[in-house]
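J.: build the 3D model from these lines:
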Amino acid sequence: MELGYDLIQSHLERRQHQPQALQKGVRIAMQAIGLTVATSQPNTVSTDTAKQRCHLCPRERDRKVVTHCSSCNIPCCPDHHKVICTVCSETFLG
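T.: Model (predicted):
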(Lines give C-alpha, C1' and ligand atoms only; values in the text may rest on other atoms or scores of the structure.)
Protein backbone atom coordinates (compact mmCIF):
# COMPACT_ATOMS: atom_id res chain seq x y z
CA MET A 1 0.00 0.00 0.00
CA GLU A 2 2.82 2.41 0.86
CA LEU A 3 4.57 1.75 -2.44
CA GLY A 4 1.44 2.68 -4.39
CA TYR A 5 1.00 5.84 -2.35
CA ASP A 6 4.66 6.78 -2.81
CA LEU A 7 4.33 6.37 -6.57
CA ILE A 8 1.37 8.74 -6.83
CA GLN A 9 2.43 11.25 -4.15
CA SER A 10 3.90 13.84 -6.56
CA HIS A 11 0.83 13.60 -8.80
CA LEU A 12 -1.52 14.08 -5.84
CA GLU A 13 0.41 17.11 -4.61
CA ARG A 14 0.25 18.70 -8.05
CA ARG A 15 -3.49 18.08 -8.35
CA GLN A 16 -4.34 19.23 -4.85
CA HIS A 17 -3.35 22.80 -5.78
CA GLN A 18 -5.69 22.88 -8.81
CA PRO A 19 -9.16 22.63 -7.22
CA GLN A 20 -11.00 24.00 -10.25
CA ALA A 21 -9.74 21.03 -12.29
CA LEU A 22 -10.83 18.40 -9.74
CA GLN A 23 -14.11 16.61 -10.09
CA LYS A 24 -16.13 16.15 -6.93
CA GLY A 25 -15.37 12.42 -6.66
CA VAL A 26 -11.62 13.00 -6.93
CA ARG A 27 -11.78 15.77 -4.34
CA ILE A 28 -13.68 13.50 -1.93
CA ALA A 29 -11.22 10.64 -2.48
CA MET A 30 -8.26 12.93 -1.82
CA GLN A 31 -9.86 14.15 1.40
CA ALA A 32 -10.57 10.54 2.42
CA ILE A 33 -6.85 9.70 2.40
CA GLY A 34 -6.08 12.78 4.47
CA LEU A 35 -5.05 15.36 1.88
CA THR A 36 -6.31 18.89 2.24
CA VAL A 37 -7.65 20.21 -1.04
CA ALA A 38 -7.59 23.96 -1.62
CA THR A 39 -10.99 25.44 -2.25
CA SER A 40 -11.39 27.16 -5.58
CA GLN A 41 -11.33 30.94 -5.39
CA PRO A 42 -13.75 32.88 -7.59
CA ASN A 43 -12.10 34.82 -10.39
CA THR A 44 -11.82 38.54 -9.88
CA VAL A 45 -13.19 39.13 -13.38
CA SER A 46 -16.60 37.56 -13.65
CA THR A 47 -17.63 34.09 -12.62
CA ASP A 48 -20.73 34.10 -14.78
CA THR A 49 -20.67 33.43 -18.50
CA ALA A 50 -21.61 36.96 -19.52
CA LYS A 51 -20.19 37.74 -22.92
CA GLN A 52 -18.11 40.84 -23.44
CA ARG A 53 -16.89 42.58 -26.57
CA CYS A 54 -13.45 41.70 -27.89
CA HIS A 55 -11.16 44.46 -26.71
CA LEU A 56 -9.07 44.31 -29.90
CA CYS A 57 -11.81 44.22 -32.56
CA PRO A 58 -13.37 47.42 -33.90
CA ARG A 59 -16.64 48.21 -32.17
CA GLU A 60 -18.51 47.82 -35.47
CA ARG A 61 -17.72 44.09 -35.50
CA ASP A 62 -19.37 43.66 -32.10
CA ARG A 63 -17.65 40.31 -31.43
CA LYS A 64 -18.97 38.92 -28.16
CA VAL A 65 -16.63 36.52 -26.37
CA VAL A 66 -16.20 34.70 -23.07
CA THR A 67 -12.44 34.10 -23.47
CA HIS A 68 -9.92 36.40 -21.85
CA CYS A 69 -6.19 36.90 -22.20
CA SER A 70 -4.48 34.90 -19.48
CA SER A 71 -1.86 37.61 -19.07
CA CYS A 72 -3.75 40.94 -19.07
CA ASN A 73 -7.29 39.54 -18.68
CA ILE A 74 -8.91 41.54 -21.50
CA PRO A 75 -11.73 39.88 -23.46
CA CYS A 76 -10.48 38.65 -26.83
CA CYS A 77 -11.98 36.76 -29.76
CA PRO A 78 -10.44 33.71 -31.49
CA ASP A 79 -8.85 36.03 -34.07
CA HIS A 80 -6.90 37.78 -31.33
CA HIS A 81 -5.82 34.98 -29.02
CA LYS A 82 -3.61 31.96 -29.55
CA VAL A 83 -3.57 28.60 -27.81
CA ILE A 84 -0.12 27.53 -26.67
CA CYS A 85 0.98 24.28 -25.04
CA THR A 86 2.75 24.23 -21.69
CA VAL A 87 6.10 23.28 -23.23
CA CYS A 88 6.02 26.27 -25.58
CA SER A 89 4.78 28.60 -22.87
CA GLU A 90 7.71 27.64 -20.63
CA THR A 91 10.06 28.31 -23.53
CA PHE A 92 8.31 31.57 -24.41
CA LEU A 93 7.83 32.91 -20.89
CA GLY A 94 11.12 31.92 -19.50
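J.: quick one, what contacts Arg63?
T.: 53-54, 57, 77, 79 (CB atoms under 8 Å, 6 or more residues apart in numbering). For every residue, glycine as well, the C-beta is placed using N, CA and C.
J.: now those residues: which count as buried?
T.: Taking 16 or more other CB atoms under 10 Å as the criterion, what is buried in the contacts of Arg63 is 53-54, 57, 77.
J.: stretch 7-27: how far from the chain's middle?
T.: 13 Å (CA atoms, centre = their mean, to the nearest Å).
J.: ugh, wrong one, I meant stretch 65-77
T.: Its chain's average C-alpha position is 13 Å from that of stretch 65-77, according to CA atoms, centre = their mean.
J.: and the protein, what are its domain boundaries?
T.: The domain map for the chain lists 2-32, 52-93, with the assignment taken from automatic domain parsing.
J.: span of the first one from start to end?
T.: Translated: domain 2-32. The distance separating the two terminal residues of domain 2-32, taken as CA to CA, to the nearest Å, comes to 16 Å.
J.: which of the residues in that domain are buried?
T.: Residues of domain 2-32 classed as buried by neighbour count (16+ other CB under 10 Å): 15-16, 22, 27, 30.
J.: now it, how far from the chain's geometric center?
T.: For domain 2-32, the gap between its own C-alpha mean and the chain's C-alpha mean amounts to 17 Å (CA atoms, centre = their mean).
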